[in-house]
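Enquirer: I'll drop the sequence and a predicted model, then ask my questions.
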Amino acid sequence: MAEQPDRRGHAGKLRFGLFGHQSLAALPARVRQEVRRRETEAERLISWVQLSIVLLFSLLYAIAPRAEGADGTNFVPGILAAYLVFTLIRLLLSYRIELPQWYLFVSIAVDIGLLVGLIFSFHIQYAQPATFYLKVPTLMYVFIFIGLRALRFDPRFVIVSGLTAAAGWVGMVAYAITGEDGRMRITRNYVEYLTGNSVLLGAEFDKILVILTVTGLLAAALYRGRALLVTGMRAQGAANDLRRFFAPEVATSITSSDASLVAGQGVLRDAAILYVDVRGFTRQAASLPPQTVMQVLACYQEAAVDVIEAHGGSVDKFLGDGILATFGALSPSATYAADATAAARAVVARLDADTAHLSALGWPSAFRIGSAFCCGQVAVGLVGGQDRLEFTVIGDAVNRAAKLENANKTEASCILTDLASYELARAQGYAGEPGLVRRATPVAGLEAPVDLVVLG
């Protein structure tokens, strides 16, 4: 099992928050791939949002009346055009490649740089001292660019955006303080600050503080969110893997359980139990290379599972070359006996048809299987200890099905059941070829003789 990301201690948490991408190396490859896929989708979403913003700003600029007093050079159209071109390039690249991280940091610098440049240009456009631009509300747009980075669920980009914005505004304030003539323009009078061309350092400090505070809060939320995202994707991958080890109904009951699962939980159900086993497998396998044995076993099991599931059954477990399947155990069924009968015959027919393929894989003789099923009430639930659980079925029908499958050898048959199970299958709608009844037949492991039905 892959190790968890090292997030122990304050130093570890800081490294994870600032360099969270490095912790992905400890995750399974499929989880890392899923994280990268979602990050790529996030970058595309960011590009589309940026494009929407620049188009909206352009529209508003085109239809809004011009502010009076703007006699200087107007840089707004050029800046909007440059940002539109950059955004389109970023959008196209996001669909063609996985954007490298250096490009994402450059993108942040461009976003903040263009906004700061736009604000800086106002004192030129309106022919006012540099302190003029400190009072424009356009600074509020910086929070849009910082918030955009939250869509990626990576706190590093939010932190870089916030620090870049704060540094940019510090530079703007420093330039405004000195002004073009190099004289300091600082005041402590709030009215003078609002109505004149002086700088109130407390007000500018408040702006920078708000930028850094919002950045810190978003980064903290993203740190927690990213940890939950990675944990969730690990859990989703584990749940998907779980569905390969258990029947879908079992996997769903495990992953969606409201309480912790413990041994002893179960229900009683009327069900059919089907056993499938390969004739002479152990003897033949002893003379074959392990790779050949495993390839033949995988091919046989895949074919048998396909047939069983196609007839409404669920594989409970693999027993070496044997298969234990249930019908109506995991969820109630009105045709469990009929489904088991059809499945038993279909499995034998499918493996007979696959004999040539199995021979090509290296099986030295005709591939023959035996199957048997019995119906009855079984207990369906969890067994095991506190740290090791198994989902299984227990009951007389399970034991009888195993004994009947073994009786195929003495009866020279490949499909057996008892008369009661066969009659129940008929009553539930099974309309296949009738079986051969053998009355009062002794079966090894069972105390009383059994009325057997040979179906193949």
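Expert: The structure has been received and is ready for your questions.
Enquirer: can you show me the helices along the stretch 201-350 of the chain?
Expert: Remark: helices assigned in the stretch 201-350 of the chain by DSSP state H, counting those that start in this stretch are 201-245, 248-255, 281-285, 290-310, 336-353.
Enquirer: let me see the mean pLDDT of the shortest one.
Expert: In this case it means helix 281-285. Summarised as a single mean, pLDDT over helix 281-285 is 85.
Enquirer: in it, what's buried?
Expert: Residues of helix 281-285 classed as buried by neighbour count (16 or more other CB atoms under 10 Å): 281, 284-285. Placement of C-beta: from N, CA and C, glycine included.
Enquirer: stretch 168-175 too?
Expert: Taking 16+ other CB under 10 Å as the criterion, stretch 168-175 shows 168-169, 172-173, 175 as buried.
Enquirer: can you show me the CA trace of that stretch as CSV?
Expert: The C-alpha trace of stretch 168-175 is given here as CSV (Å, rounded to 0.1, in the frame of the first residue of the first chain):
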residue,chain,number,x,y,z
GLY,A,168,2.5,45.1,-6.9
TRP,A,169,0.5,47.4,-4.7
VAL,A,170,3.5,48.1,-2.4
GLY,A,171,5.4,49.2,-5.5
MET,A,172,2.5,51.4,-6.5
VAL,A,173,2.4,53.1,-3.1
ALA,A,174,6.1,53.6,-3.0
TYR,A,175,6.0,55.3,-6.4
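Enquirer: picking up where we left off before, turn the helices of the stretch 201-350 of the chain into TSV, columns for distance to residue 369.
Expert: Formatted as TSV, these follow (distance: least, CB to CB, whole Å):
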stretch	distance to residue 369
helix 201-245	23
helix 248-255	25
helix 281-285	9
helix 290-310	8
helix 336-353	5
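Enquirer: closest one to residue 361 among the ones you listed?
Expert: Set against residue 361 and scored by CB to CB, the helices of the stretch 201-350 of the chain come closest in helix 290-310, at 5.0 Å.
Enquirer: the closest one to helix 336-353, inter-axis angle?
Expert: For helix 290-310 against helix 336-353, the angle by axes from the mean of the first three to the mean of the last three CA atoms, to 10 degrees is 140 degrees.
Enquirer: can you list contacts of helix 290-310?
Expert: 274, 276, 278, 285, 288, 314-315, 318, 321, 323, 325, 343, 346-347, 350-351, 354, 357-358, 361-363, 367, 369 (CB atoms under 8 Å, 6 or more residues apart in numbering).
Enquirer: are any of those residues buried, and which?
Expert: Buried among the contacts of helix 290-310 by 16+ other CB under 10 Å: 274, 276, 278, 285, 288, 314-315, 321, 323, 325, 343, 346-347, 350-351, 354, 358, 361, 363, 367, 369.
Enquirer: so residue 381 sits right up against residue 268, yeah?
Expert: No. If you go by CB atoms under 8 Å, residue 381 and residue 268 don't touch, sitting 9.4 Å apart.
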